[in-house]
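Visitor: this one's structure only:
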């Protein structure tokens, strides 16, 4: 990848892998996008309303996704993206919509992935992804989410 225009390729590949059926998720196809020391950080609220932060290495995240989405049909698609590049660092904001289906329930929602990328060994690599989803009391504002396509 050479810069901003290639960030869409990166996010498209990541969303495609997580959206595949469990037995078809090809994690090895996206490993090269991650720095070896990358961290993935899930945030949200516990059932009692207190905030949580879960920090994963890539391998720990993959194992978590395997468990959490084992019997779930899940899809995630990017609907907006913004990036800022300064030298060998980049910040990428990726707004997504998701659908999560179980045998008894379908849940749709939106959220934001905040990526930190580093230019390392001639490639842009993910150093971190931190995300959260909309919920009661937390909605994407027009400044963060606009209907511009992420194609």
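Guide: Okay, I see it. Predicted model only: the values in this text are computed from it and were never measured. Numbers count the residues shown, from 1 in each chain.
Visitor: spatially central, which residue of the protein would that be?
Guide: residue 113 (4.9 Å; C-alpha atoms, centre = their mean).
Visitor: and the strand or helix carrying it, which strands flank it?
Guide: Assigned by DSSP states H and E, residue 113 belongs to strand 106-120. When sheet partners are counted by DSSP bridges, strand 106-120 sits next to strand 89-101 (antiparallel), strand 123-133 (antiparallel).
Visitor: of these, which is nearest residue 141?
Guide: Comparison of those against residue 141 by C-beta to C-beta identifies strand 89-101 as nearest, at 10.9 Å. Quick note: C-beta positions are derived from backbone N, CA and C, even for glycine.
Visitor: would you indicate which residues of the closest one are buried?
Guide: 90, 92, 94-98, 100 (16 or more other C-beta atoms under 10 Å).
Visitor: hmm, back to that, from residue 122, how far out is the residue nearest to the centre of the chain?
Guide: Distance, residue 113 to residue 122, using C-beta to C-beta, to the nearest Å: 24 Å.
Visitor: tilt between the strand or helix carrying residue 36 and strand 123-133?
Guide: Element membership for residue 36 (DSSP H and E) is strand 34-45. Put simply, strand 34-45 runs at 10 degrees to strand 123-133, going by axes from the mean of the first three to the mean of the last three C-alpha atoms, to 10 degrees.
Visitor: so for strand 34-45, mean pLDDT?
Guide: With pLDDT averaged residue by residue, strand 34-45 scores 97.
Visitor: show me what the helix or strand that that strand is followed by is in contact with.
Guide: Sequence order places strand 51-56 as the next helix or strand after strand 34-45, per DSSP H and E. By C-beta atoms under 8 Å, 6 or more residues apart in numbering, the residues outside strand 51-56 that reach it are 39-46, 64.
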